[in-house]
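K.L.:
I'd like to go over a predicted model; first the sequence, then the structure.
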Amino acid sequence: MCFKNLPVEFDEQGRPHLRSDVPNPYRYEVRSLAEQEERIRELLARNGYIRNVDFDPVTRVAGALAFHTVVDLKERKVLAANSMATLFRGYEVILKGRDPRDAAFISSRACGVCGGVHATTSCLALEMAFGIKPPPLGIVIRNMLLSIEYLYDHPLHLFLLAGPDYSQALVEKTNPSLWERAKQTEAPHAALHGFKTIGDIMAGLNPLSGSLYLEALQMTRLAREAYVVIGAKYPHPETVIPGGVTTTVSITTFNEIYRRLTELIDYSKKVVAIWDDLCDFFYDANPLYRQVGARPKNLADPGQWDDPEAYDASYERCAQWGERRWATPGIIINGEQVTTNLQLINVGLEEFVEHSYYEPWETYPFRADPLGAPLSPYHPWNKETKPRPTGQSWRDRYSWATSPRWDRQVVEAEPVARIWNTAVAGKLPHRRFLEPTGTSLKMSLPAGKMPAMELEWKVPADWNAFERNRGRAYCLAYSALIALDNWFYGMDLLKRGETRVHTKFEIPRSGRFIGVGFWGAGRGWLTHHAVIENGAIVNYQIITPSTINASPRDPWGNPGPYEEAVLNTPILEEFDRTENFVGIDILRAIRSFDPCMPCTTHIMVEGQDRMLVTEVNTCACGLDE
Amino acid sequence: MAAEPAAAVIPEAGFFPGLYTAVHAFWLAGMSCDGCSIAVTGATNPSVEDLLTGRLPGLPRIILHHPVLDVEAGERFVHWYELAALGELGAPYVVIYEGSVPDETVAAETGGYWSGMGVREVDGSPQPIPTAEWLRRLAPGAAAVIAIGTCATWGGIPAAAGNPTGAMSVMDFLGPDYRSALGLPVVNIPGCSPVGDNFTETVAAILLFLQGLGPLPEFDELGRPAWLFRETVHRQCTRGGYYEEGVFADEYGRRECLVKIGCWGPVVQCNITSRGAINHLGGCMNVGGVCIGCTMPGFPDRFSPFYKAPPGSAVSSTQVRFYGAVTRRLRRITNQFMNRETRWDEAGRVPSGWGRVDEPPAVYKLVHAVYDALRLRGADEPGRTRPEEQYAGGYEVPAVVARRRRGRR
């Protein structure tokens, strides 16, 4: 069925089991990277136009990403790419041996960009381990909180982090002819967003002075105001705990969110129009932009936003409640959805450390999941985090990130994977505002100050940097509608007298319990795998979207998503001399995965006395566990 | 956003001649989650735009060297850090540190690092430079070192028990003898994450003082802004009244005091309940979240496990249950009379269509008569009861006459 590489087969009832004809079913050979490195080294030595271009972590603060590339400036191709996570804080190690009640508040601190996603995922893992089912209003409040979260997060990406790459300030410098064209090109959606030409949009994107930049900063505040009404603070909410939430809910709670939410829905109409215009402009200007940040359509997502009636926190029924989520879980391989079953999504997961600063582990405590499906020794429930900081080497170890893989294939974490899986699966039970068609997701946005509008996100023909950005703009509308849908759901619960927000629980002092939280972050996939023994955490494993996307090569030598996207990127920048090379196309490719705040890097062209350009970012949370 | 350095030393010619118009700020992050940066972008009073564009009169513009906002800095970015470290900036600067400082000697034992920033050649191959080195180089020349967030102020989560990296706070790292160029020890603005306005307000206060336009901001013995962190969060809590009357929530979602279900507020210094989290909205206990002590040096280990009632609450809440019960009952009596128009006393009934409101029992009336007597002692009852309060010439307001007659009947 869905597995090509894992030694897992299915019986007539569709139950997975281990293939019996393979002696060491999970064994693999590590492919050496030495030969490849030698080849690149020779090319560098022989040809002056082939250069080391380092996006160097000089100014990196927090969960930093550094990026090393080798670029052929004559052929305008990237020959080598290495993604490096350069920070380790040891959260998984700190959680070991602690009371499980500490997990949500401590793991929340893994990322300060992604509000409460870690706290929530942690709570889901504990709810599964101890069989705690939250009351419906608790689930609805959680859904509202974690959808409002993205109304801050997506604008942050689109306008404060990735946006400047498409601003006048940069385009004018890196592609003067494109800037000339932009000034002459009328914006098709001018009536919606108010910018007459593409050049006007680009001027609006200028950092700290452009109207779109400043508006987005304000919108991130508006969304956070709505967020703290139920989450208490941002980031690191104070009300998310296993068994639901601790929020004291009243009419005021809902009212404080109401107007802010409708304002953000209006804003999403504008944002979609802006990014539709921008993407189409670049495609028209040069079809090669479709190659920037391109990689196969391999995406993974565990879904999120639980159905208050279906979610029972059990692993046994995760396939059922998973498919009733507002975002349908799913794995897409080469553009085809291969499963929407959360159990199989879990079983297919492995994490490798061949090129990371960790030691391998020998233990193999869970040969099967709670339903009897085979688990790899490299599955998070079996993995142990054993940090070992060593020197940096391209052929050996070069990152604090690990290499998570699904069915031993390189899959990408993406918020767009949420709408993609939901659109093609057609299983969405909540259709007040959303309608999956199999090839698209239709969204009905109610009127606010702007008139009502129908939006349709279509499965893209190409998968690249531009579609990631455009998809996030649609995700803004999608998340806002989910917040609104849950707002009405919550009001309806209040109407029916359902006011309980939390289910009490006790931590058993003896016995072994395992759980997994399946959820998402602003950048996509998020899981926490927990093993608890005799009242204490004995293993805790976090897989974040940026761990997946920033991952170094796997044992088979396959590059991680950032690396692969950069390797596929053509150099379209206009530069007369190599010292003026900025690397904007590479930066756009990396940033399209949704950079987080301050994980900045610099680009440095070897042999020159100057640093060029600025930050490359990734989410802090991905870069260590 | 880095900009031309010359501006930093040109005195403002307008309203405040001779003062600095710009100050550099170097943002450094060690083992952080970026949450403090995010919190600061949420500040509204003043906002980051206010500080960076210099639109507040008297306040110098802040030239922020921050990875995110430094979009156009290009080759100048690291150059500024280098200049400052070498003492060649030619303008005052502050260092803002987010995240905890790892013990790099531990990582170096196996040839690696925990937290890198920038690279240098080691035996012909590029190797990351530890972040801690930048702090060590930049701190002595800084006008002030401001630690933002609980990781930087007290070590925080990365320094929790069982951590593999030897993480510590800026104060731990620089030691008790550290003084900035202006003679200040490390300024600590804690919180995980901190309230954005606590940071921007403190920065503005320090700058106004340095300009000679504001008072010396007061700091406590741990370097916290005293006006923000002097009080316990409980003293300013919206649920404090419940505590006073001995009423406690026994499950989450209720509106009473949360100490019996894990709130540490009575022993935690923080202002989030009075200030809110962002734009005066939110705030832990205001919304229903228990205080887990995230602003305190003991966080997280001294507050673990979370969601469990602090032992101290057993003592204090038992006391308060006793006298709180008395207070609550007395207040209920008074409240019953405060819920009545005086007219309803005359009519002898409450004309509400919503429900039957019983007349207070005789004993309550007696208690309240004493209460009223105390209330009016040394004061006058409102309503022209004394001769000198009457109109001259004997004029009487007809409505008053009518009411008096009704009262007599």
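P.N.:
The structure has been received and is ready for your questions.

K.L.:
From the chain's centroid, how far away is stretch A:98-117?
P.N.:
In this view, stretch A:98-117 has its centroid 17 Å away from the chain centroid, taken as CA atoms, centre = their mean, to the nearest Å.

K.L.:
From one end of it to the other, what's the distance?
P.N.:
20 Å (CA to CA, to the nearest Å).

K.L.:
Is it in proximity to chain B?
P.N.:
Yes - Stretch A:98-117 is in contact with chain B by CB under 8 Å from any CB of the partner chain, via A:Arg98, A:Asp99, A:Arg101, A:Asp102, A:Ala104, A:Phe105, A:Ile106, A:Arg109, A:Ala110, A:Cys111, A:Gly112, A:Val113. Just so you know, the C-beta spots here come from the backbone N, C-alpha and C atoms, and that holds for glycine as well.

K.L.:
and the third one, what is it in contact with?
P.N.:
Contact partners of A:Arg101, counting by CB atoms under 8 Å, 6 or more residues apart in numbering or on different chains, are A:Pro242, A:Ile507, B:Ser304, B:Pro305, B:Phe306, B:Tyr307, B:Lys308.

K.L.:
Can you show me the strands along chain B?
P.N.:
Using DSSP state E, the strands of chain B run over B:22-29, B:61-65, B:93-98, B:116-122, B:125-130, B:144-148, B:187-189.

K.L.:
got a pLDDT number for the residue of the stretch 1-150 of chain A at minimum distance from chain B?
P.N.:
Per CB to the nearest CB, A:Gly112 is where the stretch 1-150 of chain A lies closest to chain B, at 2.0 Å. On pLDDT, A:Gly112 comes in at 86.

K.L.:
follow-up on the earlier one: ok, of the contacts of A:Arg101, which come out buried?
P.N.:
A:Pro242, A:Ile507, B:Ser304, B:Pro305, B:Phe306, B:Tyr307 (16 or more other CB atoms under 10 Å in any protein chain shown).

K.L.:
farthest-separated two in the residues you listed?
P.N.:
Pairwise distances across the buried ones among the contacts of A:Arg101 peak at 15.2 Å for A:Pro242 and B:Ser304 (criterion: CB to CB).

K.L.:
Could you measure from B:Gly223 over to A:Thr569?
P.N.:
47 Å (CB to CB, to the nearest Å).

K.L.:
Which one's more surrounded, these two?
P.N.:
Legend: neighbour count by other CB atoms under 10 Å in any protein chain shown for B:Gly223 and A:Thr569, higher for A:Thr569 (30 against 21).

K.L.:
Show me the shaky parts of the chain.
P.N.:
You didn't say which chain, so I picked chain A. A:1, A:55-65, A:595-625 (pLDDT under 70).

K.L.:
ah, no, chain B please
P.N.:
B:1-15, B:17-18, B:67-78, B:116-122, B:124-129, B:407-409.

K.L.:
Please, where are all the strands along the stretch 151-300 of chain A?
P.N.:
Ranges of strands within the stretch 151-300 of chain A are A:240-241, A:244-245, A:299-301, based on DSSP state E, counting those that start in this stretch.

K.L.:
Burial-wise, tell me which of those strands comes out on top.
P.N.:
Mean neighbours per residue, mean count of other CB atoms under 10 Å in any protein chain shown, is largest over the strands of the stretch 151-300 of chain A for strand A:244-245, with a mean of 31.

K.L.:
follow-up on the earlier one: format the residues of stretch A:98-117 next to chain B as JSON lines; extra columns: secondary structure.
P.N.:
Formatted as JSON lines, these follow (DSSP: H, G, I helix; E, B strand; the rest coil):
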{"residue": "A:Arg98", "secondary structure": "coil"}
{"residue": "A:Asp99", "secondary structure": "coil"}
{"residue": "A:Arg101", "secondary structure": "helix"}
{"residue": "A:Asp102", "secondary structure": "helix"}
{"residue": "A:Ala104", "secondary structure": "helix"}
{"residue": "A:Phe105", "secondary structure": "helix"}
{"residue": "A:Ile106", "secondary structure": "helix"}
{"residue": "A:Arg109", "secondary structure": "coil"}
{"residue": "A:Ala110", "secondary structure": "coil"}
{"residue": "A:Cys111", "secondary structure": "coil"}
{"residue": "A:Gly112", "secondary structure": "coil"}
{"residue": "A:Val113", "secondary structure": "coil"}
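
K.L.:
could you flag which of those residues are buried?
P.N.:
Here, 16+ other CB under 10 Å leaves A:Arg98, A:Asp99, A:Arg101, A:Asp102, A:Ala104, A:Phe105, A:Ile106, A:Arg109, A:Ala110, A:Cys111, A:Gly112, A:Val113 buried among the residues of stretch A:98-117 next to chain B.

K.L.:
what two of these are the furthest from one another?
P.N.:
Applying CB to CB across these, the maximum distance is between A:Asp99 and A:Val113, 26.8 Å.

K.L.:
what's near enough to touch A:Leu33?
P.N.:
A:His355, A:Trp394, A:Arg395, A:Asp396, A:Arg553, A:Gly557.

K.L.:
Nearest to chain B among those?
P.N.:
Using CB to the nearest CB, these come closest to chain B at A:Trp394, 9.1 Å.

K.L.:
For burial, what's the neighbour tally of that closest one?
P.N.:
21.

K.L.:
before we move on, what about A:Ala273?
P.N.:
With other CB under 10 Å as criterion, A:Ala273 counts 23.

K.L.:
Not counting sequence-adjacent ones, nearest residue to A:Pro559?
P.N.:
Nearest residue to A:Pro559 in three dimensions, chain neighbours excluded: A:Arg553, at 5.5 Å (CB to CB, 6 or more residues apart in numbering or on different chains).

K.L.:
Relative to chain B, how far out is A:Asp585?
P.N.:
17 Å (CB to the nearest CB, to the nearest Å).

K.L.:
Quick check: the residue of the stretch 101-250 of chain B nearest chain A.
P.N.:
For the stretch 101-250 of chain B, CB to the nearest CB, closest residue to chain A: B:Gly112, 2.4 Å.
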